[in-house]
Each structure stands twice: as C-alpha cells, then as structure tokens.
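Q: Structure for the following, please:
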Amino acid sequence: MSLRVRIAAIVAVACFALALSGCRKAPKSPEERGAGIFTRTCASCHGPTGRPTRGLGLPVMPRDLSDASFYQQRSDAELEAAIRDGKGAMPAFGTLLSDEDLKLVIAHLHTLAKAK
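A: The predicted structure follows:
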C-alpha cells in the first residue's frame, strides 16, 4: 500500500471518528445537565428521585429532596452552601463540583419536587 493511500485511510478514519463524536446529544437544559451530576454525586444517598430509601446503612436518613415544602423554606444560595460545604451528616462536595455544577444540580433539585 502506498504512502498516499495510507495517509488517506488515516485521514478518513479520523474524520469518521470526529463525525461520530458529534453524534452524541448533549443534554440541553440546565435541569437535564444537573440530573446527570445528581445521578453521579447525590443519588446514592438521596435516591434517583430525591426520595431516599431505608436500609442504606447511614447513621442519619438523608433528606427527602422531593418534598416541595423543603424548597419553600430555603433559598438557592442556602442549598448551594449546604452542597458545597456539607451540612449535618452530609459531606461537602465543594471540591468535587464547580460553581456551575452546583447551579445545575440545584436546577435539577427543583424538578424533583415538581415531579412528585
């Protein structure tokens, strides 16, 4: 195989790979992006719908994040601070999540209460 054919084949494969990488649809809304972060970071304790399940072996039952009254009593800034700095038995996530990630998670949290 000639050098030109090899180069053409490599370029074709690279172009195909780039085209495929653009096929993945990124979540569009902040709530959808926040849902992905929530699933990776929060759902293991708070449950995928924000409602924790018993039997996790935690010393304290995690807060029910699907309860709309919880959000009526707290501002987004208070939620952000609790997630970033930790509160009670919940550890701090400030070193794992950027400021933008925190805002996206909070956007998703608000959808949990509406979905209930």
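Q: all strands for this structure, in order.
A: Read by DSSP state E, the chain holds no strands at all.
Q: pLDDT below threshold where in it?
A: 1, 3-27, 55, 115-116 (pLDDT under 70).
Q: in it, which spans are helices?
A: Secondary structure of the chain by DSSP state H: the helices cover 3-21, 30-41, 43-46, 68-72, 76-85, 99-115.
Q: Just send the ones you listed back as CSV, with mean neighbour count too.
A: Every residue, glycine included, has its C-beta placed from N, CA and C. Converted to CSV, those look like this (neighbours: other C-beta atoms under 10 Å):
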stretch, mean neighbour count
helix 3-21, 9
helix 30-41, 18
helix 43-46, 17
helix 68-72, 12
helix 76-85, 16
helix 99-115, 18
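Q: is it possible to export those helices to TSV including distance to residue 62?
A: Shown next, in TSV, are the helices of the chain (distance: least, C-beta to C-beta, whole Å):
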stretch	distance to residue 62
helix 3-21	37
helix 30-41	13
helix 43-46	4
helix 68-72	12
helix 76-85	12
helix 99-115	13
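Q: Go through these and name the closest to residue 57.
A: helix 43-46 (10.5 Å; C-beta to C-beta).
Q: Report the contact partners of the residue nearest the centre of the chain.
A: Residue closest to the mean C-alpha point of the chain, counted by C-alpha atoms, centre = their mean, is residue 37 at 1.0 Å. For residue 37, the contact set (C-beta atoms under 8 Å, 6 or more residues apart in numbering) comprises 97, 101, 104, 105, 108.
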